[in-house]
Each structure stands twice: as C-alpha cells, then as structure tokens.
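Asker: Fold the stuff below for me.
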Amino acid sequence: MKEREEENFVTPGDMLGKALELKPGYGAYFSSHDKAIYASLTPAPPDSDDSRATVEVKGHKAHGPVPEPGVVVTARVTKVMAKIASADIVCVGPKSVREKFTGIIRQQDVRATEIDKVEMHSSFRPGDIVKALVLSLGDARAYYLSTAKNELGVVSAESVAGATMVPISWTEMQCPLTGQTEQRKVAKVDVV
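Answerer: Residues are numbered from 1 along each chain as shown. Down below sits the predicted model:
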C-alpha cells in the first residue's frame, strides 16, 4: 500500500494534527499541553518502533537580498565598452547576494555633470569594485546602475603591479608601489 503524501504550506506554531494520529518528524514538535503536533524548525528525535504516520515541515529556500531601485549596491566591473560597463552585483547594502545579478552602468549614468565628455575606459576597468545606485530593473539581462553621486564610483582598484590603488582625486587613483596614476570615477570616501 502506497502512502499518500500531502504538501501544505505551514508556519511555525501551526497545529498539524493530534498526537494520536501523527508523530513529530523533522520540522515538527509534540506539545504535552494539548497532545498535538505543531510546526517548528527543530527536528524531533526519530522513534523507530512507532507505527503512526510521520509529519515533517520542509523549510522554504532562503533567498538572499535582491537589488531594487533606490538601493546602493557593491559590484565588480567585468567588462568595459565604449558606452557601457557591465558589473556583477556582489552586495545589496551591507549584505552579500546568493544569486548572480548583473548590472549595467551606462555612459549617461557615470556622473551628474559633463555627461557627454564621459569616457567609460577612463572611468572603470575590469576588476574594479564600485558602489552604485540601482536606478531600475533594466531589461531581462541586467539592472541599470548609476555612479552619478559623489559617494558613488570606484572604491577599490588594482594596479598593473598588483597593488591596491589609493584615490588621489575625484578622477585619479595611484599605485603605491610604482607611483603610476590611472583615471577612474572615484567614490568620495568619508574620512573619520
């Protein structure tokens, strides 16, 4: 005889049935107060010689943070082209993402002024870590991001020599090993 399995959505504390009919399994517990089985996230110990049906609660897959318009994200630049830069979003606010999200920084969203003079290759390089504002959900492939505020832009970049560069102006970073400077759209860093 095949047992029929039913899947119903429950939350912790929901009564699943009486202890005369069910025994607690993973995600369920027995309450001696009313002799009932309730949903929980704590597994009950197995009871091998009990013939009652076992009830279990499976947890919903926990999703990490998801980018949404108006939120500041941290992203790693993956590709720079003439009019856009692509980036993989690694954090939404202070929380790291669990899924892959792609962002696009368009030429008109790099800075607030002199938009027509923006050169993408002078603003970003592959591997740069940027702070950016999510403008919109974009298209099916990527979120539209902006670095047009002073506090947004490149926060970390690696020089050709492999050292972490130091910002020296709004538009330049310098390698501490070689002294060579490179152009970037640098994020304003708060000095404490």
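Asker: From here on, just use CA atoms for contacts and neighbour counts.
Answerer: OK.
Asker: Can you list the neighbours in contact with the host helix or strand of L145?
Answerer: Taking DSSP states H and E as the definition, L145 sits inside strand 143-146. With contact meaning C-alpha atoms under 8 Å, 6 or more residues apart in numbering, strand 143-146 is reached by 101-106, 109-111, 132-138, 152.
Asker: Apply 6 Å and report the result again.
Answerer: Residues outside strand 143-146 that contact it (C-alpha atoms under 6 Å, 6 or more residues apart in numbering) are 103-105, 109-110, 132-138.
Asker: of all those, which two lie farthest apart?
Answerer: Farthest-apart pair in those is V110 and L137; separation 17.2 Å (C-alpha to C-alpha).
Asker: And the protein, what are its domain boundaries?
Answerer: The chain is divided into the following domains under automatic domain parsing: 15-55, 72-183.
Asker: ok, of these, where does mean pLDDT dip lowest?
Answerer: For the domains of the chain, the weakest mean pLDDT is recorded on domain 15-55, namely a mean of 72.
Asker: Quick check: chain neighbours aside, which residue is closest to E21?
Answerer: In this structure, E21 finds its nearest non-sequential neighbour in R52, 6.2 Å apart by C-alpha to C-alpha, 6 or more residues apart in numbering.
Asker: Can you give me the buried ones in stretch 18-32?
Answerer: 19, 22-30 (16 or more other C-alpha atoms under 10 Å).
Asker: Cross-reference the residues you listed with the strands and report the matches.
Answerer: 22-24, 28-30 (DSSP state E).
Asker: picking up where we left off before, looking at V110 and L137, which has the bigger crowd around it?
Answerer: The neighbour count for V110 versus L137, taken as other C-alpha atoms under 10 Å, is higher for V110 (26 against 15).
Asker: do you know how far that one is from A140?
Answerer: Distance, V110 to A140, by C-alpha to C-alpha, to the nearest Å: 21 Å.
Asker: Count the neighbours of the closest residue to A163 other than its chain neighbours for me.
Answerer: Spatial nearest neighbour of A163, excluding adjacent residues (C-alpha to C-alpha, 6+ apart): C175 at 6.4 Å. Using other C-alpha under 10 Å, C175 has 20 neighbouring residues.
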